[in-house]
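Peer 1: 3D model of this:
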Amino acid sequence: MANVANKGTFATYSGANLNEIFYEPVFRSDDIMRNYRVIPNVKHKMNVFTSAALTKIVNKYTGCSATSGSTQFDIDEKTITAGRMRVALEQCSNEFFGTYIEEMYRNGVDVMNVEGTQLADAIVDRAVKGIAQDVVRLAWGDDSASAVAGYGNMDGWMKLMGAGSAPRFTVGAATDNEPTSAEVITALRKLYDESPAALQQVAAADKRFFVTPLVYNKYLQNLEGTSADLAITNTQDGYQVVKFRGVQIIPMYEWDTILADTDPSLFADTSGGVTTNYTQGICYTSIDNLIIGSDVTDPEGSFKVFYDDLEEKMFFRGYFKLGVQYLYDSLYKWAIFV
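Peer 2: Coordinates of the predicted model:
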C-alpha cells in the first residue's frame, strides 16, 4: 500500500526550516448531528416503523355503531441496512528523508516511528476530515449497484428518494441547467409553497434546504446590498447561517463531488429516449426524515493509529457500520434545474 502522505514540491533543503505544517483548507462538511437523525448501535439491520395519520375522527355522537373518518391506519416498516466500512492508511517515514519534515522526526532507533510528530498529526487531521466528508458523500450519493471507485457500498438518499412517490419537480434554467439568482428564488418559493402538507406543518427550525453550492451562491446574490442581508449576519460555530423563510439553507459541497462522479437518476431526464444528466438542485426536507444508522456516533473518531517495528510503518485503521434511510415521502421534495 502506498504512503498516505507523499513528498510534494520542496525547495532546496539546507538545514532547519519553520517547524510547522500548514494545512490546505478542506471544505466544511455539514454537521451530521445537527442536520440529520442519527441512530446509533446499528450493527447490521434495523427496522424503523412509520404510520399514517388518523383524520376526521371527531364527529357528532349518533349511536354506538356509528363510525366516520379514517378509523384505521397502517404501520409500515423500512429497513436500515448498515454496511461495514473501513479506513486503511499507512505511512513510512523514509518518504521525507532529506526534507525539512525530517527535522520533526525522533532520534536514533526510533527515527522510523512518527507517532507523536507533526507529520502524524497532519495525517490524523486529514483522515478525520476525510472520513466526515465521506460519510456525508456516501449518505447522499452512494449506490450499491455502482461500479465507480469510492461508491458501491450502500444505497444513499438520492437513490432511495428517487424511487419514492413523485420525488421532484423540474425548474427551467436560462443556461444549461445553471439557474440565475431569480430562478433560485422561484424554486425555493415553489418548494416551500407547494410541498406536502405534512412538511409544511414541520417547524422551520426542524427543516432544511439542502442545495448545490452554485444554488447557494446564487441565493446569496439575492441578499447582497438589501435589508435581507441581515439573514447572513447570524452565525453558528463561527459559520454564517443563511435562511429562506426561516428554514436554514445548507450548501452541499459533497453533491458536486457526487454529480461529477456519478449520474443519479434523481438528476436525470430520460424523456424522448435520451438521457440528460443535470447538476443543480435543492432538497427540501425535515431533519428527522433523514436517518443515518451506524454502530458508532462519530465515525470520524472511530479509528486507531499504531506503529509496527517490523514493517517500519505507522498504520491508520478505522472500522464502522453505515447505512441510511428516509421515513416519509410526504416529508421531502426536490427541485432540479433543467
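
Peer 1: Tell me what residue 286 is bridged to.
Peer 2: Beta-bridge pairing for residue 286 (DSSP bridges): residue 207.

Peer 1: Number of residues surrounding it?
Peer 2: Neighbourhood size, residue 286 [other CB atoms under 10 Å]: 22. C-betas here are computed from N, CA, C, even on glycine.

Peer 1: Now do the contacts for it.
Peer 2: Counting by CB atoms under 8 Å, 6 or more residues apart in numbering, residue 286 makes contact with 199, 202, 206, 207, 208, 331, 332.

Peer 1: Now do the helices in the protein.
Peer 2: When secondary structure is read from DSSP state H, the chain shows helices at 32-35, 118-141, 157-162, 181-194, 197-200, 213-223, 253-261.

Peer 1: what's the distance between the fourth one and the middle of its chain?
Peer 2: What separates the centre of helix 181-194 from the centre of its chain is 23 Å, taken as CA atoms, centre = their mean, to the nearest Å.

Peer 1: Next: stretch 106-123.
Peer 2: Taking CA atoms, centre = their mean, one finds the center of stretch 106-123 at 33 Å from the center of the full chain.

Peer 1: CA atoms only: put it into CSV for me.
Peer 2: C-alpha atoms of stretch 106-123 as CSV (Å, rounded to 0.1, in the frame of the first residue of the first chain):
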residue,chain,number,x,y,z
ARG,A,106,12.5,11.2,16.5
ASN,A,107,16.2,10.3,17.0
GLY,A,108,18.2,7.1,16.9
VAL,A,109,16.4,3.8,16.9
ASP,A,110,13.0,5.4,17.0
VAL,A,111,13.6,7.5,13.9
MET,A,112,11.1,5.5,11.8
ASN,A,113,8.3,5.9,14.3
VAL,A,114,6.5,9.1,13.5
GLU,A,115,3.9,8.7,16.2
GLY,A,116,3.5,11.9,18.2
THR,A,117,5.2,14.0,15.5
GLN,A,118,3.6,16.8,13.5
LEU,A,119,3.6,14.6,10.4
ALA,A,120,1.4,12.1,12.3
ASP,A,121,-0.9,14.9,13.5
ALA,A,122,-1.2,16.2,9.9
ILE,A,123,-2.2,12.7,8.7
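
Peer 1: tell me the mean pLDDT over it?
Peer 2: Stretch 106-123 comes out with an average pLDDT of 82.

Peer 1: looking at the helices of the chain, which is closest to residue 314?
Peer 2: Smallest distance to residue 314 across the helices of the chain (CB to CB): 6.5 Å, for helix 118-141.

Peer 1: Can you say which two of the contacts of residue 286 are spatially most distant?
Peer 2: So, the contacts of residue 286 by CB to CB: farthest apart are 206 and 332, at 13.0 Å.

Peer 1: These two: which is more packed in?
Peer 2: Neighbour count, other CB under 10 Å: between residue 206 and residue 332, residue 332 has more, with 25 against 11.

Peer 1: Quickly note the distance from the closest residue to residue 38 other than its chain neighbours to residue 91.
Peer 2: Counting by CB to CB, 6 or more residues apart in numbering, the nearest residue to residue 38 once its immediate chain neighbours are dropped is residue 292, at 4.9 Å. According to CB to CB, to the nearest Å, residue 292 stands 30 Å off from residue 91.

Peer 1: Looking at the chain, which strand is longest?
Peer 2: Longest strand in the chain, counting residues (DSSP state E): strand 313-326.

Peer 1: Which strands or helices does that strand pack on?
Peer 2: With contacts defined as 3 or more CB pairs under 8 Å, 6 or more residues apart in numbering; DSSP states H and E, the packing partners of strand 313-326 are strand 75-81, strand 83-91, helix 118-141, helix 157-162, strand 290-293, strand 303-308.

Peer 1: Mean neighbour count, these: which tops it?
Peer 2: strand 290-293 (a mean of 24; mean count of other CB atoms under 10 Å).

Peer 1: List the neighbouring strands of it plus their orientation.
Peer 2: strand 37-39 (parallel), strand 313-326 (antiparallel).

Peer 1: and the ones you listed, which is most packed in?
Peer 2: Ranked by mean neighbour count, the strands paired with strand 290-293 are led by strand 313-326 with a mean of 20 (mean count of other CB under 10 Å).

Peer 1: so that one versus strand 75-81, what angle?
Peer 2: Between the axes of strand 313-326 and strand 75-81, defined by axes from the mean of the first three to the mean of the last three CA atoms, to 10 degrees, the angle is 160 degrees.

Peer 1: ok, residue 183 - contacts?
Peer 2: So residue 183 contacts 171, 172, 173, 174, 218, 337 (CB under 8 Å, 6+ apart).

Peer 1: Make sure the third one is actually in contact with residue 335.
Peer 2: No. Contact criterion CB atoms under 8 Å: residue 173 and residue 335 do not qualify, at 10.7 Å.

Peer 1: more neighbours, the two?
Peer 2: residue 335 (24 against 18).

Peer 1: could you list every residue that touches the more buried one?
Peer 2: Neighbouring residues of residue 335 by CB under 8 Å, 6+ apart: 168, 169, 170, 171, 187, 188, 190, 191, 281, 282, 284.

Peer 1: Done for today, thanks.
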